[in-house]
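Student: build me a structure from this.
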Amino acid sequence: MDHVTQFRHALQNAFGPLDWLPEPDGAIHRFHTADDQPGIHSGWYLLFAGGTEGCFGSLRTGGTFIADSGQPHSGS
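Tutor: This is a model prediction of the structure:
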């Protein structure tokens with residue numbers, strides 16, 4: 001399994017099913033989570049080229065998770 005797919009699984013574990021793949025482009029992306037109201041995108045992620053390092057979280061619920069070499073772990 002490649003790093004982008006592993007990162008997607010980590011996102012899905014935190015936010016529920018996703019119908020898209022994260023883009024490893026080093027930009028911040030916002031997305032709709034299962035608990036968001038219509039039109040709201042409180043989820044966010046940042047995934048660097050290669051997909052081995054990134055982070056994600058929720059503006060609504062707080063919390064940040066950091067992925068390093070495809071192994072997500074809780075961060076601050």
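
Student: okay, His73: pLDDT?
Tutor: We have a pLDDT of 50 for His73.

Student: quick one: the closest residue to Asp25 other than its chain neighbours from Phe56, how far?
Tutor: Nearest non-adjacent residue to Asp25, counting by CB to CB, 6 or more residues apart in numbering: Ala49, 7.0 Å away. Glycine gets a C-beta too; all of them are placed from N, C-alpha and C. Using CB to CB, to the nearest Å, Ala49 is found at 16 Å from Phe56.

Student: ok, those two, which is more surrounded?
Tutor: Neighbours were counted for Ala49 and for Phe56 using other CB atoms under 10 Å; Phe56 has more, 25 against 10.

Student: the more buried one is in contact with Gly43, isn't it?
Tutor: Yes - Phe56 is in contact with Gly43 according to CB atoms under 8 Å; the separation is 7.2 Å.

Student: touching both of these two, which residues are there?
Tutor: Leu11 (CB atoms under 8 Å, 6 or more residues apart in numbering).

Student: what distance do you get for Phe15 to Gly50?
Tutor: Applying CB to CB to Phe15 and Gly50 gives a distance of 23 Å.

Student: what ranges of this structure fall below the confidence cut-off?
Tutor: Applying pLDDT under 70 to the chain picks out residues 1, 69-76.

Student: so where do the strands sit in it?
Tutor: Secondary structure of the chain by DSSP state E: the strands cover 28-31, 43-47, 53-58, 64-68, 71-74.

Student: so what's the residue nearest to Asp25 up against?
Tutor: Contacts of Ala49 by CB under 8 Å, 6+ apart are Pro24, Asp25, Gly26.
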